[in-house]
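> Here is a sequence together with a model predicted from it:
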Amino acid sequence: MEGDMDDVTQATVAFVQHHQAWAAPIVFLLGFCESFAFISLLVPATGILFALGGLIGAVELAFWPIWLAAALGAIAGDWLAYELALHFKDRVLALRPLSTHTESISRGIGFFNRFGAAAVFVGRFFGPLRAIVPLVAGLYAMPRWTFQIANVASAMVWATGVLTPGFFGVRWLLG
């Protein structure tokens with residue numbers, strides 16, 4: 001499975017390198033996939049985004065439009081998960097792949113109960129919590145504005161964190 005993920009990462013980076021006009025839409029989609037509860041468990045988006053950060057630095061792609069695409073994709077993924085859970089309540093948890101990750105759901109609920117709105121911000125930076133906390137926020141009917149403030153702020157920091165290491169690392173190496 002790990003070899004398959006490496007192949008997906010390499011293929012995606014190669015595609016963006018050869019079709020640079022698609023960089024922002026692809027990064028938006030990856031940000032969405034990384035944040036949306038149903039997809040994030042299946043798509044290796046973080047690794048691809050780190051690699052694309054390096055590509056941005058290597059081939060002189062414009063950083064800010066790609067950063068904005070990553071942030072907007074992450075915002076959209078969390079927002080959709082929140083809204084689905086707010087509307088459908090516990091029925092969302094019965095859907096696959098969430099129904100097979102009950103331990104992750106339990107951890108997300110505990111994390112949310114302990115930290116409230118801060119869990120939405122902090123959860124973005126911790127693997128499985130990234131996809132679970134927005135659902136829990138919706139299940140617990142967190143006020144929309146409170147959720148969105150934490151969602152947007154964390155997505156901006158997250159996008160910076162996944163793109164800049166590769167960007168500055170390659171720039172440093174290329175001198």
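Nice, I can see it. Since the model is a prediction, treat every value here as computed from it, not as a measurement. Residues are numbered from 1 along each chain as shown.
> Nearest spatial neighbour of Leu49, chain-adjacent residues omitted?
The shortest distance from Leu49 to any non-neighbouring residue, by CB to CB, 6 or more residues apart in numbering, is to Val162 (4.3 Å). Backbone N, C-alpha and C define where each C-beta goes, glycine included.
> Next: Ser35.
Of all residues not flanking Ser35 in the chain, Gly77 sits nearest, at 3.0 Å (CB to CB, 6+ apart).
> wait, the one you found sits on Phe36?
Yes: using CB atoms under 8 Å, Gly77 is in contact with Phe36, at 3.7 Å.
> Who has more neighbours out of the two?
Per other CB atoms under 10 Å, whichever of Gly77 and Phe36 has more neighbours is Gly77, with 29 against 25.
> Can you tell me the SS state at the more buried one?
Following DSSP: H, G, I helix; E, B strand; the rest coil, we place Gly77 in the helix state.
> Could you measure from it over to Pro134?
8 Å (CB to CB, to the nearest Å).
> Now do the shared contacts for those two.
Jointly contacting Gly77 and Pro134 under the rule CB atoms under 8 Å, 6 or more residues apart in numbering are Ser35.
> Near Ser154, how many other residues are there?
Using other CB under 10 Å: Ser154 sits among 24 other residues.
> quick one: it and Phe15, what's the gap?
28 Å.
> swap in Asp6?
Asp6 is 15 Å from Phe15, by CB to CB.
> that older thread, looking at the residue nearest to Leu49 now. What's its pLDDT?
Looking at Val162, its pLDDT reads 90.
> so who does it touch?
Going by CB under 8 Å, 6+ apart, Val162 touches 46, 49-50, 53, 70.
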